[in-house]
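K.L.:
My questions concern the predicted model and sequence given below.
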Amino acid sequence: NAGVTQTPKFQVLKTGQSMTLQCAQDMNHNSMYWYRQDPGMGLRLIYYSASEGTTDKGEVPNGYNVSRLNKREFSLRLESAAPSQTSVYFCASSGSGRVGPDTQYFGPGTRLTVL
Amino acid sequence: GDSVTQMEGPVTLSEEAFLTINCTYTATGYPSLFWYVQYPGEGLQLLLKATKADDKGSNKGFEATYRKETTSFHLEKGSVQVSDSAVYFCALSGSTGGFKTIFGAGTRLFVKA
């Protein structure tokens, strides 16, 4: 079991460029999440998908779009990157399991710098 | 809305010292409470959880008790090790149904040999 995987691990963009962050999980979880982590601010939810075929906005959705491609994959797109989007992005999933459906499993993160 | 407040860091301790990281929460319903740990360069991972009042979660020598009367879930460990150096996040989930999780800002712990 790979758990939650994210690509790429690091990315540098120029202002205005676009990119897609990829996330996949192999735990058959229904729910998936995208967070950003900034110093002193903990994790803030960008978007989430409670189940395949549904997506909803989180706390900080502006400037982002998501696609729940299938049960395994949940991608995050930046259409026109801005320096304020410099952050570490984490994908997570949750579902049935020994530790309960409300426990989240995290990927290793993507460090994004927008110049 | 729901929120989690935890003590600011960094916290610096010597090996074998006692650790407490305070966490309080605000929630309209009956959430599950969690401590997640983040080691350098990694994503968060579950450390322990408690699902109802007076439950004690424990793992790897860490403990936390769900105190509904004080809306707290403080993390404790009797004797820390250098390998415990990490960032610790208090979190809640499921206050009003669903599994969205609210995280605290995180507390960085440094343990010196």
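P.N.:
It's in.
K.L.:
Only C-alpha atoms from now on, for both contacts and neighbour counts.
P.N.:
Noted.
K.L.:
Tell me, how many residues neighbour the residue in chain B that chain A sits nearest to?
P.N.:
With CA to the nearest CA as the measure, residue B:105 is the residue of chain B nearest to chain A, at 3.7 Å. Residues lying near residue B:105 (other CA atoms under 10 Å in any protein chain shown) number 25.
K.L.:
do you know how far it is from residue A:15?
P.N.:
Distance, residue B:105 to residue A:15, using CA to CA, to the nearest Å: 28 Å.
K.L.:
Where does the prediction get shaky in the chain?
P.N.:
Using chain A here. Scanning chain A with the threshold set as pLDDT under 70 gives A:97.
K.L.:
wait, chain B
P.N.:
Screening chain B residue by residue with the criterion pLDDT under 70, one finds the ranges B:95-98.
K.L.:
got a list of what the nearest residue to residue A:37 once chain neighbours are set aside touches?
P.N.:
Take residue A:37 and drop its neighbours on the chain: the residue closest to it by CA to CA, 6 or more residues apart in numbering or on different chains is residue A:43, 4.7 Å away. Applying CA atoms under 8 Å, 6 or more residues apart in numbering or on different chains to residue A:43 gives the contacts A:35, A:36, A:37, B:103, B:104, B:105.
K.L.:
ok, now how distant is residue A:43 from residue A:89?
P.N.:
Counting by CA to CA, the gap from residue A:43 to residue A:89 is 9 Å.
K.L.:
Name the residues contacting each of the two.
P.N.:
With the criterion set as CA under 8 Å, 6+ apart, the overlap between the contacts of residue A:43 and residue A:89 is A:35, A:36, A:37.
K.L.:
Any residues of chain A in contact with chain B? List them.
P.N.:
Within chain A, the residues that sit near chain B (CA under 8 Å from any CA of the partner chain) are A:40-44, A:90, A:94, A:101-109.
K.L.:
If we use 7 Å, what do you get?
P.N.:
Proximity of chain A to chain B is confined to A:40, A:41, A:42, A:43, A:102, A:105, A:106, A:107, A:108, A:109 under the rule CA under 7 Å from any CA of the partner chain.
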